[in-house]
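[1] here's a sequence, model it:
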Amino acid sequence: GRVLLWAGSIGMTGAATLAGKAALRGGAGLVYLAAPPSLRPALEPKLEEVIIKDIPELEPGEIGPGAVEELLQLAGGCQVFAIGPGLDPFPGSDRLLEKILRESPVPLVLDAGALAMLSGNPESLRECGQPVIITPHPGEMARLTRLTTAGVQGSRLELARHRARDWHCTLILKGARTIVATPAGKVYFNPTGSPALATAGAGDLLTGLVAALVAQGMTAEKAARAGVYLHGLAGDLLPARGAMAGDLLGKFARAFQLVEKAELECSPYGPNHRRVRPNLA
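    Have a look, this model is predicted:
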């Protein structure tokens, strides 16, 4: 599968790097990173395996006329389009995102900067003809819903279910026991994860991982559920303190191995029929 990632801005190329690497670690065959040419010198030394695609630029870091068409054309050659890690909103970026929502040829994963662009009109998610996954943390969810962060945290279940239905999207509400809510009204609580996930860059890794799973043929719901589980399991393999996002990325392969091992060991008969949380020993 191929992933297109639109990410990064001046001072935040690290987020784009982490998301791109996570997509590759998540199993994507090819990852394309769309970015203004002024970011290429900062991105290339960090991304040996990711293919960087220049998009039109008005001034350093701000994309220009024709960028939407270029992004949509690139997306047409991929299986998923992920937007947002390290992406700094700029004048008119909200309208640009709305056009992408209306015309995207592939499913979308929206995080960080894309959610900031969306915050003025989250109802535009309904206009997308493709499955959409959004991945807000409580602060981003507060901006999308015009609530306080405390208000979000006080009604996580009800809020996630209602907004996923209302906006016609799969919603990953991050936090302790991350919630995945679907447009059909289903809600799942993720059992994996540790304080190691509360570090800068961890959300960028989740975006890349979920995008990779969509690129490999998973539905939006399954990719969201599997992505948060694997992401959390990688966190469980790290100490609660002292870990960075790069350490988390390094545990993705082991997380996949543990899940595959657990699947093989689960008999289709008897008490072990249901999938279990892998033994981390």
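[2] packing partners for the host helix or strand of residue 20?
    Per DSSP states H and E, residue 20 falls inside helix 13-25. Counting contacts by 3 or more CB pairs under 8 Å, 6 or more residues apart in numbering; DSSP states H and E, helix 13-25 is packed against strand 2-6, strand 30-35, helix 40-43, helix 202-215, helix 245-249, helix 252-265. Glycine gets a C-beta too; all of them are placed from N, C-alpha and C.
[3] convert the C-alpha atoms of that helix to PDB, please.
    As requested, C-alpha coordinates have been extracted for helix 13-25 and formatted as PDB (Å, rounded to 0.1, in the frame of the first residue of the first chain):
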ATOM      1  CA  THR A  13       9.700  18.900  10.500                       C
ATOM      2  CA  GLY A  14      10.200  16.400  13.300                       C
ATOM      3  CA  ALA A  15       6.500  15.600  13.400                       C
ATOM      4  CA  ALA A  16       6.400  14.900   9.700                       C
ATOM      5  CA  THR A  17       9.500  12.700  10.000                       C
ATOM      6  CA  LEU A  18       7.900  10.600  12.800                       C
ATOM      7  CA  ALA A  19       4.700  10.200  10.900                       C
ATOM      8  CA  GLY A  20       6.500   9.100   7.800                       C
ATOM      9  CA  LYS A  21       8.600   6.600   9.600                       C
ATOM     10  CA  ALA A  22       5.600   5.200  11.500                       C
ATOM     11  CA  ALA A  23       3.800   4.600   8.200                       C
ATOM     12  CA  LEU A  24       6.700   2.600   7.000                       C
ATOM     13  CA  ARG A  25       7.100   0.700  10.300                       C
END
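[4] just how off-centre is that helix within its chain?
    Mean-position distance between helix 13-25 and its chain equals 11 Å (CA atoms, centre = their mean, to the nearest Å).
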